[in-house]
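> next input, structure requested:
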Amino acid sequence: MPQTHFPQSIHHSLTLLSCNNRESERVMEMTLTIHHPCLFSPNTSSQPFFSTQLSSSSSSSSSSSYLPRLRFSSKNNIAFRPIKCSVSEATEPKTEKKRQLLRRGDVRNIAIVAHVDHGKTTLVDAMLKQTKVFRDNQFVQERIMDSNDLERERGITILSKNTSVTYKDTKINIIDTPGHSDFGGEVERILNMVEGILLVVDSVEGPMPQTRFVLKKALEFGHSVVVVVNKIDRPSARPDYVVNSTFELFIELNATDEQCDFQVIYASGIKGQAGLSPENLAEDLGPLFESIIRCIPGPRIDKDGALQMLVTNIEYDEHKGRIAIGRVQAGVLEKGMDVRVCTSEDSCRYGRVSELYVYDKFNRVPADGVEAGDICAVCGITDIQIGETIADKVSGKPLPSIKVEEPTVKMSFSINTSPFVGREGKYVTSRNLRDRLYRELERNLAMKVEDGETADTFIVSGRGTLHITILIENMRREGYEFMVGPPKVINKKVNEQLLEPYEVATVEVPEEHMGAVVELLGKRRGQMFDMQGVGSEGTTLLKYKIPTRGLLGLRNSILTASRGTAILNTVFDSYGPWAGEISTRDQGSLVAFEDGSSTSYAISSSQERGQMFIGPGMEVYKGQIVGIHQRPGDLTLNVCKKKAATNIRSNKEQTVILDTPLDYSLDDCIEYIQEDELVEVTPESIRMCKNPKLAKKTR
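You can find the predicted model right below:
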């Protein structure tokens, strides 16, 4: 009998099912639980790629009905049944057959999801280049999907974006999603548009907090999953560990047996290579495309039914107005068609589709009609909202609306009240601020805006400080001036018990700085539940469950404690009991005593009290925070004091040596401020000041 080679990826097992004695021959049936059953080697279509997981069942069960069987007979021949991928036809609900739903074979809708910085956008770049989306002589910048200026500056994806490629007559709609947990609302919406996901995992780090979050959502939708172990060319890559950890994560998230049989592809996104084993990568991403075609099913559609399309994203164009993006679930959507726009409450209105676009390569291309299963963009309905359904004018019914998780952090926005108001900004009134904040709600489902205690104050709630900081940064670039208060967590009361949000914090830190980081997290009520070494680079991975309050201002403290080497990642976990008081800052602030221009003479004596935020020649006002005090409690300083001319005793001037002032970004300032402090945001400057309203109360 020919020997079958099993790669050493997980465990291997054979389970004896039955042994039948017959007169003519002796037949023995054996069942293998295939962990990655879908892909065949590109070279030979007859040899399957196995990565097996043990099954210790002694009888044939319903969960293994989709598995292949090997029949060993006296004639020493082996016959394979057709191997199916992670979501097989046997698992689909029987009720859908009555509605005569069909699968489209010429379209695949996929979302690429991963933890931040695991290489999603770089992988999409390689997929676009290899499917000839661009001309050979065309200049293409790196991370082309990150088209937003803010995304390029920060090196992260903030907004999800659509594109499409064609591979062997199959159109693949690809959606690049954000990797940061604060933008999880974007990912939750996008999963309504797709049938499968590419879960990109770093070959060294393995599954991280955001990997868990997006995978949990995808499994709840019942989507197929193809796991891509990316950055396989890293020197300390450990693919076996990463695949095992990912499989354990599937089990923890209660994935079905079919979903646990995920396909694994090993890839290097930056080199544009992929393969079935880490040692044997193809010259291109062919194995990745093949696994998408074979393992992710086409959209299930009701071709002859009444039109239904759920709006999952909205873009804005100066000429076309609001553009609704979504997948057509049933029927055919045509240009110039009269439609009904419905919400889940059955409140409907009528509209007309003026223009219709589909995604072809990297552009939106005009179309006369779009069949069910494809993703398209619709123009002409001026008041369309995310979560609404574009339906047939006569018999259309709304689809279930999109639901995203609740916000966990809130911040107050108010008009600028500093003496420098109106110097740089174009929009400074409370009406401008209100209109802009409520306009943000139209496309940012995970955010909430409420009126504050006064007419010029608004409470903005989001999934985390970064979620709200991105909004602040966009607004200041648009010409707005306003004040922002410190972030606060949103607590709940259940059965008279106060609950607060908890997050899972993952810190990657070199071993020599581990003690300082552990001490810092312990002070903030963090509880360690896992610690492990990462690769051969001498780094340790610490996992903590910590109150969201303890994370406010933590990023800078951890960077200081680890000399800039630690990497902190967080994701929302659940609500839990109030953890008690947490001290997030031990030092006070240095506050300006009067309005004026700072001088070298005054700063040279002031810097003995702490670290300064300003240099000489900068305009300051009374109440502005100009530095960090080296002791607890605030200290008022005169940074505008000039040296008296009568104090000169010789012709030689005394040399003044000034320290370099601290350069705090918007994120740093928001992390730094406390209850009685504000951040003044203008298009060109970011300043911190004491809150005059709270200062009056304390007198």
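
> show me what contacts P366?
K335, E355, L356, Y357 (CB atoms under 8 Å, 6 or more residues apart in numbering). Where C-beta positions appear, they are placed from N, C-alpha and C, glycine not excepted.

> distance of E453 from L123?
When distance is defined by CB to CB, to the nearest Å, E453 is 47 Å away from L123.

> looking at these two, which is more packed in?
The residue with more neighbours, out of E453 and L123 and counting by other CB atoms under 10 Å, is L123; that gives 27 against 10.

> doesn't the more buried one lie inside a helix?
Yes - counting by DSSP: H, G, I helix; E, B strand; the rest coil, one finds L123 located in a helix.

> just give the nearest non-adjacent residue to it, would you?
Leaving aside its sequence neighbours, L123 sits nearest to G269 (CB to CB, 6 or more residues apart in numbering; 3.7 Å).

> my read: that neighbour touches D233, true?
No - under the criterion of CB atoms under 8 Å, G269 makes no contact with D233, lying 9.8 Å away.

> quick one: which of the two has more around it?
The neighbour count for G269 versus D233, taken as other CB under 10 Å, is higher for G269 (25 against 16).

> and that one, what does it touch?
With contacts defined as CB under 8 Å, 6+ apart, the neighbours of G269 are G119, T122, L123, D125, A126, V200, N230, K231.

> can you tell me how far it sits from L281?
Between G269 and L281 the distance, using CB to CB, works out to 12 Å.

> residues of stretch 333-351 that come out buried?
Neighbour-count burial for stretch 333-351, with 16 or more other CB atoms under 10 Å as criterion, is recorded at L333, K335, M337, V339, R340, V341, C342, C348, G351.

> how about those residues, which pair is most distant?
Using CB to CB, the pair of the buried residues of stretch 333-351 lying farthest apart is K335 and C348, separated by 21.4 Å.

> what is the end-to-end distance of stretch 302-315?
Its first and final residues considered, stretch 302-315 spans 27 Å by CA to CA, to the nearest Å.

> swap that for stretch 587-601, please
Its start and end residues considered, stretch 587-601 measures 24 Å (CA to CA).

> going forward, the N-terminal residue is numbered 868.
OK, 868 is where the count begins now, so the last one is stretch 1454-1468.

> what about it, distance to the chain center?
Stretch 1454-1468 has its C-alpha centroid displaced from the chain centroid by 40 Å (CA atoms, centre = their mean, to the nearest Å).

> ok, now stretch 1482-1502?
The mean C-alpha position of stretch 1482-1502 is separated from the chain mean by 37 Å, CA atoms, centre = their mean.

> could you work out the end-to-end span of it for me?
Taking CA to CA as the measure, stretch 1482-1502 stretches 18 Å from start to finish.

> who touches that stretch?
Contacts of stretch 1482-1502 with the rest of the structure, by CB under 8 Å, 6+ apart, involve 1285-1287, 1453-1467, 1470, 1473-1474, 1476-1481, 1504, 1506-1507, 1525, 1528-1529, 1544, 1554-1557, 1559, 1562.

> mind running it again at 6 Å?
Counting contacts by CB atoms under 6 Å, 6 or more residues apart in numbering, the residues outside stretch 1482-1502 that touch it are 1286, 1454-1459, 1461-1462, 1464-1467, 1470, 1476-1481, 1506, 1528, 1554-1557.

> one more: stretch 1239-1254?
For stretch 1239-1254, the surrounding residues in contact (CB under 6 Å, 6+ apart) are 971, 974, 1040, 1166, 1168, 1170, 1178, 1181, 1187-1192, 1194-1195, 1197, 1218-1222, 1224-1225, 1231, 1237, 1268-1269, 1312.

> filter the contacts of stretch 1482-1502 down to just the ones in helices.
Judged by DSSP state H, the subset of those located in helices is S1467, I1470.

> of the contacts of stretch 1482-1502, buried ones?
For the contacts of stretch 1482-1502, buried by 16+ other CB under 10 Å: 1455-1459, 1465-1466, 1470, 1477, 1479-1481, 1506, 1528, 1554-1557.
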